[in-house]
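>>> here is my input, please return the structure:
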Amino acid sequence: MDLVYPQIITGADLLRGIVKLDELAPLLQKRGARSAAIVNSRLYGVRSFSKMLLKYGIQPVIGLSVYVTVEEKDLLVYVYAHNQLGFSNLMKMSSAISTREEENLPLAWLNAYRESCSIVCAVTDSSWANYRSDEVIRQIISRGDSTSAFIGIARPAGVCHPEEEAIIQLAEDCGLRIAACQETRFLHLEDFPAYEVASAIRNGYKLNDPQKPPNRYRQAYLPEQNELLKWFRDVPQWLQTMEELLGSCHVELSKGPFQMPVFPVLDGQTPASLLAEKCLQGLQKRFQQIPEEYMDRLHYEISIIEEMGFTDYFLIVEDYVQFAKSQKILVGPGRGSSAGSLVAFSLGITEVDPIHYGLLFERFLNPQRVTMPDIDIDFADNRRTEVVNYVAETYGKQYSAQIITFGTLSTKAVARNVGRVLDFTSEEVRFISNALNRGLSFKDSVQQSQKLQDWIAVDPRRALWQQAAEKLEDLPRNASTHAAGVVLSSKPLVHFVPLQLGTEEVFLTQWAMEDVEEVGLLKMDFLGLRNLTLLDRIRSMIQYNKKQDIDFEKIPLDDEAAYRLFKTGDTTGIFQFESPGMRQALKTIQPDDFKDLYSVNALYRPGPMEFIPLYSRRKKGQEPTVYEIPELQPILSDTYGIIIYQEQIMKIAVEIAGFSMAEADLLRRAISKKNQQILEEERQHFIAGATKKGFDQFKANNVYNLIVKFADYGFPKSHAVAYTLISYRLAFFKANEPLYFYAAYLSSLTGSKEKTMELIREIQAKGIKIAPPSVQRSRFGHTVEGDVIRLGLGAIKGVTYNFYQQLAEAREKNHWNSMFDMAIAMGADHFTEKALIPLIKAGALDEFGETRSVLLASFEAAHSHALFIGDDAFSDQFQFNSRPKYTPGGTMDRMTMLRFERDTLGFYLSEHPIQQLKQHSSDNIHSIDSAVTMRSGTKVNCMGLILSVKRIRTKKGEAMAFFTLQDESEEISCTVFPKLYAKISIHLTENQFVQVAGSIEYRNQSVQLIVDRCIPLSPEAK
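Got it, this is the predicted structure:
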């Protein structure tokens, strides 16, 4: 008798099982198993299961655990697919279960989808209690072939079910064979504690909770063959039945053909004619007279697109891009290799002219390398969902879905989750989180940490923590929606992939990206880009204030003010150009035109960045540009003889070796794989082509070596150009409309204290005034008023958009002269302590002419006044006769006022409190912004506020610390070594004011202050 395993629930089933495939398959092979069946609650992980078992020579069987509803009771059955039709029906079952709130399957639906499937009624499962009757069984098998239905009996660890004799009789009465069952949720008996932990994580309880549900799966491991034979020794035919059942199941989950969606066209029209018509119209909008070069390229691209069968795809992309633009949803200028297509440019899918920038269509679509086209589109991230919903509504919800992604238990996540269900203290969880190395697996991290090993050794609970965390690491914890992926099909998707409920009424695939692409479905990326939202905010504010329409494509690419920002590294808020290293690269290269900008963008990556100094020297004429052969000059002159782009490699292959563009693209891909055999084959191919064109063999070999050298560094020029356009547009507005740029950028940083403070310092350094929030003037986000930036009410902690809407509606009706007017206008229901106190503390009511202490003291009177006036029929008369007075509130010292600002806004607005302390200091105090520019070893004396503290122990076990110090000008990292730390550790707390003396030091290109002395300061000591 062959060994088979009929019910394996893998780790893909979101902690319902903890079986890992890379452990399961070798174990099955070692034991000589013939077949094994996956029966997860959804079709999660079935393709990986199938591939892994086939790799180890084991027959995979695809099944599903289904709770079928009979007489209002959900009963567990296992459904197995015999063939492709059966698997198609399993996908429908899994989809039906996952798109219903109850997560079960009505009996009628089971009957509708049961063709080419076998059903095993798991009658020994607890769900069948009180329902083990021939009437129930006959309802389940009534519509199907009785030979494809079975009674399943389990004997976990050899223990018979109390009703087994009755169940055997039931099977006989119904004329059904009995199949042996053994559910496997973990591999080894000793893994049960880890499985129990997984169940607790999944269901949200702690293991020491007396109310926790009982765990019925203590014996749900993968038994040896001799154990199964022993458990069923009196009924070996049951094992034989299950072996025969699994042996009859043959489902191939191979790679499927492309499932290209269809674009609807009018009668008498074809997708090809429509595409050509739309492209021509698009080019005519861009050119008064279309150049011949463009027409030739257009006809060529359209012919390739038709030949490859992608015409409908381009029309679909054009359709949803035009929808977005019609709804004022900002669309990116292009992304990836698709920016190399003139068809995409003509249709308005991209804004990059591929001929002007020397971009290659074959880098995007190669007729000799047939793959699915990949046009990724960026949308403003706050409106991306509208486009996804449009596609679902336009092409049908059954034909489109977003792609699932699974959140896994990473090293630190598994440590925290297991610690939580074992009821570890917050201190213990914090300790293990800090002790684990993020770059290592959990197991390796523990093995390399003596501190962790010692900590684990003293408590058996910690040993369980270690065991469970090792077992559960990397398992899927939860399902969510992929940030970008959307699939579209010409037939209902359920024919190709199981579905489940998603968000925004759009279905979600049950398979992740790789599996979805493997079945041949077209995947489209709808990406949400925060920087497009920033550009959109700038555009909207300018349109609202200045009544100017902004067309991003008409922004000149030679604006001197914008290039001054890049040359000086003034690139805070400029997409892709913000990092310190990138700023230094900009200062080195001194970009004069758009070409320099996208070259810097492509160069600033590990590897090619070593050529930045060479690029700069050659650009400035400090070093001659040399070429291996003169014929390289037309290709490499723009980049001063340096190969930066993949497109340059392709052009070299075409011009020097006589390759076609399609062959050149294949060469580019082959070289990048670094396979020595392929490298040599391509070398001979290249040299043969070059000598045929009359080039010296030695020089041709040198050119090939040059290509190989730069192949790793080559960046898609199409992507560099398209994404640098976004960066340039942001810089254009920062240089020419700084108020609108900063107001919009400040709004995008809401919730990030450090970045907000950094930006406010920059704004103030440029002489731009920031006005406090105002209940009379502020909108929800930050706005521009004349020559100042007005903070929005949304920046105040606790102010919701719903409250702002109520406030905005109330203030439209009349002008407020006092807090009492505001209270009446808003009504007592909305004029609440929770909403108003933060507004007062942030200074949003200062315009009423009273101090914040008076306003705080008068809140109750204003609220009572609103209650008194609000519902009275003669409220106008009451308002005329009743003029309540403010309550005296005493005086609020400056430090308290500033602290209130920081509490409510997250930053100091009026001034940094350290300025008050500096004014009363007799010492010579350095500002931090001056300290960070000083040479290494320079002694400095600074005052500031401690923002954060990190305490560590040295290899010798001595305590020391790092802290971030902030004053009104800048922040700096400070290091306190053990000797000083022992004296001052008590003062190193967040929000503590200190005076620090020490010396400047540079480490890993970052400046830090080595502390020699640290004195706590009292804000009251003025």
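
>>> from residue 891, how far out is residue 897?
10 Å (Cβ to Cβ, to the nearest Å). No exception for glycine: its C-beta is placed from N, CA and C like everyone else's.

>>> the two: which is more packed in?
residue 897 (17 against 9; other Cβ atoms under 10 Å).

>>> who touches the closest residue to residue 1018 other than its chain neighbours in this structure?
Excluding the flanking residues, the one nearest residue 1018 by Cβ to Cβ, 6 or more residues apart in numbering is residue 993, at 7.3 Å. The neighbourhood of residue 993, defined by Cβ atoms under 8 Å, 6 or more residues apart in numbering, consists of 913, 914, 917, 943, 944, 945, 946, 1016, 1017, 1018, 1019.

>>> test my guess that the third one contacts residue 944.
This means residue 917. No: at 9.3 Å, residue 917 does not count as touching residue 944 under the criterion of Cβ atoms under 8 Å.

>>> so for the two, which residue has more residues nearby?
residue 944 (29 against 24).

>>> residue 86 and residue 113 touch, don't they?
No: contact between residue 86 and residue 113 fails when scored by Cβ under 8 Å: they sit 9.3 Å apart.

>>> surely residue 75 forms part of a strand?
Yes: assessed with DSSP: H, G, I helix; E, B strand; the rest coil, residue 75 lies in a strand.

>>> my read: it touches residue 119, true?
No: counting by Cβ under 8 Å, residue 119 is not a contact partner of residue 75; they are 11.0 Å apart.

>>> so what sits against both of the two?
In contact with both residue 75 and residue 119: residue 140, using Cβ under 8 Å, 6+ apart.

>>> so what are the sheet partners of the lengthiest strand in the chain and their directions?
With DSSP state E setting the assignment, residue counts place strand 939-953 as the longest strand in the chain. Strand pairing for strand 939-953, using DSSP bridges, gives strand 959-966 (antiparallel), strand 993-1003 (antiparallel).

>>> would you turn those into CSV with mean pLDDT and distance to residue 908?
Below are the strands paired with strand 939-953 laid out as CSV (pLDDT from 0 to 100; distance: least, Cβ to Cβ, whole Å):
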stretch, mean pLDDT, distance to residue 908
strand 959-966, 94, 10
strand 993-1003, 94, 12
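
>>> turn the ones you listed into TSV, including distance to residue 405.
Output for those, formatted as TSV (distance: least, Cβ to Cβ, whole Å):
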stretch	distance to residue 405
strand 959-966	34
strand 993-1003	38
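
>>> among those strands, which is nearest residue 67?
The minimum distance between residue 67 and those falls on strand 959-966, with 54.1 Å, by Cβ to Cβ.

>>> now do the helices in the stretch 301-450 of the chain.
Along the stretch 301-450 of the chain, counting by DSSP state H, counting those that start in this stretch, helices occupy 311-326, 342-347, 384-395, 411-421, 426-435, 442-447, 450-457.

>>> circling back: relative to helix 426-435, how tilted is the longest strand of the chain?
110 degrees (axes from the mean of the first three to the mean of the last three Cα atoms, to 10 degrees).

>>> avg pLDDT for strand 939-953?
Over the span of strand 939-953, the pLDDT mean works out to 92.

>>> please identify the buried residues of it?
940, 941, 942, 943, 944, 945, 946, 949 (16 or more other Cβ atoms under 10 Å).

>>> which of these lies closest to residue 846?
residue 945 (24.1 Å).

>>> test my guess that the closest one contacts residue 965.
Yes: the criterion here is Cβ under 8 Å, and residue 945 meets it with residue 965 at 7.2 Å.

>>> need the overlap of contacts for these two.
residue 994.

>>> worst-scoring helix or strand of this protein, pLDDT-wise?
helix 875-881 (a mean of 51; mean pLDDT, DSSP states H and E).

>>> which element follows that one toward the C-terminus?
helix 894-905 (DSSP states H and E).

>>> and the helix or strand just after that following helix, what's buried?
Using DSSP H and E, the helix or strand that follows helix 894-905 in sequence is helix 913-919. For helix 913-919, a neighbour-count test (16+ other Cβ under 10 Å) marks 913, 914, 915, 916, 917, 918 as buried.

>>> what's the answer for stretch 759-773, then?
Neighbour-count burial for stretch 759-773 [16+ other Cβ under 10 Å]: 759, 760, 761, 763, 768, 770, 771, 772, 773.

>>> dump those into CSV; add distance to residue 130 as well.
Converted to CSV, the buried residues of stretch 759-773 look like this (distance: Cβ to Cβ, whole Å):
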residue, distance to residue 130
759, 66
760, 68
761, 71
763, 72
768, 75
770, 71
771, 72
772, 69
773, 64
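
>>> closest one of these to residue 432?
Of the buried residues of stretch 759-773, the one sitting nearest to residue 432 (Cβ to Cβ) turns out to be residue 759, at 35.7 Å.

>>> is it true that that closest one lies in a strand?
No: counting by three-state DSSP, residue 759 is not found in a strand; it is helix.

>>> contacting residues for it?
Counting by Cβ under 8 Å, 6+ apart, residue 759 has contacts 572, 573, 742, 745, 746, 749.

>>> and residue 721, by the same measure?
334, 339, 352, 357, 359, 598.

>>> check what pLDDT residue 433 gets.
So residue 433 comes in at 84 (pLDDT).

>>> who touches it in this structure?
Contacts of residue 433 (Cβ under 8 Å, 6+ apart): 412, 415, 416.

>>> so which of the residues you listed comes closest to residue 542?
When these are compared against residue 542 (criterion: Cβ to Cβ), the nearest one is residue 412, at 44.2 Å.

>>> from the contacts of residue 993, pick the one nearest residue 458.
residue 946 (34.1 Å).

>>> would you confirm that the closest one contacts residue 961?
No: contact between residue 946 and residue 961 fails when scored by Cβ under 8 Å: they sit 10.2 Å apart.

>>> okay, and the common contacts of these two?
Contacts common to residue 946 and residue 961, judged by Cβ under 8 Å, 6+ apart, are residue 988.

>>> residues of stretch 153-172 that come out buried?
For stretch 153-172, using 16+ other Cβ under 10 Å, the buried residues are 153, 154, 155, 156, 161, 164, 167, 170, 171.

>>> cool, and stretch 837-850?
837, 838, 839, 840, 841, 842, 843, 844, 845, 846, 848, 850.

>>> of all those, which comes closest to residue 4?
Distances from residue 4 to the buried residues of stretch 837-850, taken by Cβ to Cβ, are shortest for residue 838, at 65.5 Å.

>>> wait, is the closest one part of a strand?
No: counting by three-state DSSP, residue 838 is not found in a strand; it is helix.

>>> for it, give me its contacts.
By Cβ under 8 Å, 6+ apart, the neighbours of residue 838 are 796, 797, 798, 799, 904.

>>> redo the residues you listed as CSV? Include secondary structure.
Listed next are those as CSV, based on three-state DSSP:
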residue, secondary structure
796, coil
797, coil
798, coil
799, coil
904, helix
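
>>> please, a ChimeraX command that selects the buried ones among those residues?
To isolate the buried subset of those in ChimeraX, counting by 16+ other Cβ under 10 Å, use the following:
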select :796,799,904
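
>>> quick one: which of the contacts of residue 838 is nearest to residue 105?
Nearest member of these to residue 105, counting by Cβ to Cβ, is residue 798, at 46.2 Å.

>>> contacts only, for that closest one.
834, 835, 838, 904.

>>> quick one, phi/psi of it?
phi 100, psi -10 (degrees, to the nearest 10).

>>> and the helix or strand harbouring residue 698, what does it pack against?
Applying DSSP H and E as the criterion places residue 698 in helix 697-711. Where contact means 3 or more Cβ pairs under 8 Å, 6 or more residues apart in numbering; DSSP states H and E, helix 697-711 is packed against helix 646-657, helix 661-672, helix 676-692.
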